[in-house]
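# A structural model of the following input is requested.
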Amino acid sequence: MQAFTTLSGQAIPFGAANIDTDVIIPARYLKTITRAGLGKGAFAALRENPDNVFDQNAGAPILIAGHNFGCGSSREHAPWALADLGIRVVISPGFADIFAGNAFKNGLLLVTLPQAAVDRLLEVAREGQPITIDLENQVVTTPFQDRFEFPMDPFRKHCLVNGLDEIGLTMGMGDAIAAHEARLAAEQPWIAGAAG
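Numbering: from 1, shown residues only. Okay, the predicted model is just below:
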């Protein structure tokens, strides 16, 4: 997983509330066996309109959404599609729990801010100005001196800042695992398969 510390860039000024995972990635795109290419199906119904904010802001790494983003089914394809679209951060007043868990496990940073702060960031994004997210200091800033602090679970912050997914966390415990296995083999060789 790619480490996340600070990111500055354009933001997609979406702002719609109650966007479910079927809007993020419609079911017809779920037949693939790989994550690659899911970005082409991200927000497919909305992108049928040629004036959509997603294609107007192609390549923007930040999405500003409304409350309850990611509600609906538990498909992990939703954060995969967002990542394939180039989005690394979603800012919203609130996220659906299952989506939030899937996003975290896939290295997508979710920033929860009050509606007034989200509204201000939507204005900044519509003006084409960059937004900066500093995860280490848990703050979102703009060129207009806006500064919004956001909460973050310490464990999730540690994982995102260090680029650790579940496999990375396990691999980081390699010495402790090896020591446990060696002790187990010495104390209970029949479990380790050493007994004949």
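
# skipping adjacent residues, who's closest to Thr141 in space?
Spatial nearest neighbour of Thr141, chain neighbours left out: Thr132 (4.8 Å); criterion: CB to CB, 6 or more residues apart in numbering. For glycine as for every other residue, the C-beta is placed from the backbone atoms N, C-alpha and C.

# is the residue nearest to Asn57 when sequence neighbours are not counted in a helix, a strand, or coil?
Closest residue in space to Asn57, ignoring its immediate chain neighbours: Ile12 at 4.5 Å, by CB to CB, 6+ apart. Using DSSP: H, G, I helix; E, B strand; the rest coil, the structure places Ile12 in strand.

# mind listing what Ile12 touches?
Contact analysis of Ile12 by CB atoms under 8 Å, 6 or more residues apart in numbering lists Val53, Phe54, Asn57, Ala60, Ile62, Leu63, Ile64, Ile87, Ala125.

# please list the members of those that lie in strands.
Counted as lying in strands by DSSP state E, out of these, are Ile62, Leu63, Ile64.

# can I get these in JSON lines with pLDDT?
Converted to JSON lines, the ones in strands among the contacts of Ile12 look like this (pLDDT from 0 to 100):
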{"residue": "Ile62", "pLDDT": "98"}
{"residue": "Leu63", "pLDDT": "98"}
{"residue": "Ile64", "pLDDT": "98"}
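
# for those, which one is nearest Gly94?
Ile64 (13.1 Å; CB to CB).

# give me the next element, helix or strand, following the lengthiest helix in the chain.
When the chain is parsed with DSSP state H, its longest helix is helix 174-187. Sequence order places helix 189-192 as the next helix or strand after helix 174-187, per DSSP states H and E.

# that following helix packs against which elements?
If contacts are counted by 3 or more CB pairs under 8 Å, 6 or more residues apart in numbering; DSSP states H and E, helix 189-192 sits against helix 174-187.

# run through the neighbouring helices and strands of the helix it packs on.
helix 189-192.

# check which residues of the helix it packs on are buried.
Buried positions in helix 189-192, judged by neighbour count with 16 or more other CB atoms under 10 Å: none.

# avg pLDDT for that helix?
For helix 189-192, the mean pLDDT works out to 78.

# confirm for me that Phe144 is in contact with Leu121.
No - taking contacts as CB atoms under 8 Å, Phe144 lies outside contact range of Leu121: 10.5 Å.

# between the two, who's got more neighbours?
Taking other CB atoms under 10 Å, Phe144 and Leu121 do not tie; Leu121 has more neighbours (24 against 11).

# name the element that one belongs to?
Leu121 belongs to helix 115-126 when assigned by DSSP H and E.
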